[in-house]
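Novice: Any chance you could fold what I've pasted below:
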Amino acid sequence: MNVLIIKLGATGDVVRTTPLLRRLSGSVTWITAATNAVLLDGLSDNLRHFSWEERARALDIPYDLAINLEDTLEVAMFLKTAGPAEIFGAYLDSSQHLCYTDSSKCWFDLSLISFHGRREADRLKLVNRLTYQELIFKGLGFDFAGETYLLPEPIETGLSGDVAIAADAGPIWPMKKWAYYEELKRHLEDRGLIVNVLPKRSSLLEHLADVRNHCCLVGGDSLPMHVALGTGTRCVTLFTCTSPWEIYDYGIQKKIVSPLLEEFFYKRGYDKRATSAISVDEVLSTVMAQLDVTIRAVK
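Specialist: Got it, this is the predicted structure:
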């Protein structure tokens, strides 16, 4: 069976899609954004990958199944040229309209291209209690059984410590950036802990090492969180405007959900109240509890 996966970005979304590789048999071809290609190198013997710019190279074989997790016309147009026997996800119908298959509605009903419209899609996303993996696996006819992420070997950086802080938030989701990271860092250092704010790196593989080399990661719903979940690093994740229920915790994550989550749910603007609704004391106590678990596990 030849399977085509199209998942370009964001990088964290690519990482959380990798558990599928543990269940798909046969040959798998993955098209992703060029920046994410390094994360797919050598993950499994039956996987090959191409960047979006190299997508024509993926047309050298016929596909029994295409899993298209993107929601754009451009990707759907490319998928049409691939002509897979079966599609899971978004595609172009006979009228050249962007649609999605019944098999994938459990995920795409919650998306920007939902047949229900944006407002209802956001409501469905708010009430949904299935993780991303459960939604995708279910649509493909699999039972999700906690299959873990696949990640390549990191490039060692030498940065290590007790707590890593992932303070950055991109321009699309400015309300993901919690207001009190600096204060949290001071409190942790007052307790004699080594705390590092994660730096920007030239390679994603260095970023993997930075996260893995700490006992606990603190941050928002972002790539470092997925790296922590993939490397077995305990983490404390703050959810200020996105769904905490879509994230599978693998038994190592503690989620802190903003009391104002519903008010700012999937809103992309900025409001200071969203970034300051979670208290420093709550985050501090949760981080210390995660560190205590790590210490006891070592002993």
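
Novice: going forward, measure contacts between C-alpha atoms and count neighbours the same way
Specialist: Will do.

Novice: Contact partners for L151?
Specialist: Shown in contact with L151 (CA atoms under 8 Å, 6 or more residues apart in numbering): 15, 39-40, 43, 230-231.

Novice: Let's see that with 10 Å instead.
Specialist: 15, 18, 38-43, 205, 208, 227, 230-231 (CA atoms under 10 Å, 6 or more residues apart in numbering).

Novice: Could you export those to a markdown table, including columns for distance to L198?
Specialist: Shown next, in a markdown table, are the contacts of L151 (distance: CA to CA, whole Å):
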| residue | distance to L198 |
| --- | --- |
| V15 | 19 |
| T18 | 24 |
| V38 | 20 |
| L39 | 19 |
| L40 | 22 |
| D41 | 24 |
| G42 | 26 |
| L43 | 25 |
| L205 | 13 |
| L208 | 11 |
| V227 | 12 |
| G230 | 17 |
| T231 | 16 |
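
Novice: Drop anything exposed from these.
Specialist: 15, 18, 39-40, 205, 208, 227, 230-231 (16 or more other CA atoms under 10 Å).

Novice: Just want to check the distance between the spatially closest residue to I113 that is not a sequence neighbour and P84.
Specialist: Leaving aside its chain neighbours, I113 sits nearest to D71 (6.7 Å; criterion: CA to CA, 6 or more residues apart in numbering). Applying CA to CA, to the nearest Å, the value for D71 to P84 is 17 Å.

Novice: And for T32?
Specialist: Counting by CA to CA, the gap from T32 to P84 is 18 Å.

Novice: Comparing these two, which residue is more hemmed in?
Specialist: T32 (24 against 18; other CA atoms under 10 Å).

Novice: does the more buried one have beta-bridge partners, and which?
Specialist: Beta-bridge pairing for T32 (DSSP bridges): S51.

Novice: and it, what does it touch?
Specialist: Per CA under 10 Å, 6+ apart, neighbours of T32: 5-11, 14, 40, 49-55.

Novice: Mind checking which of those residues land in helices?
Specialist: Under the assignment DSSP state H, those contribute 11, 14 to helices.

Novice: which of the contacts of T32 count as buried?
Specialist: By 16+ other CA under 10 Å, the contacts of T32 give 5-9, 11, 14, 40, 49-52, 55 as buried.

Novice: Pick out the lowest-pLDDT one from these.
Specialist: The member of those with the lowest pLDDT is G9, at 91.
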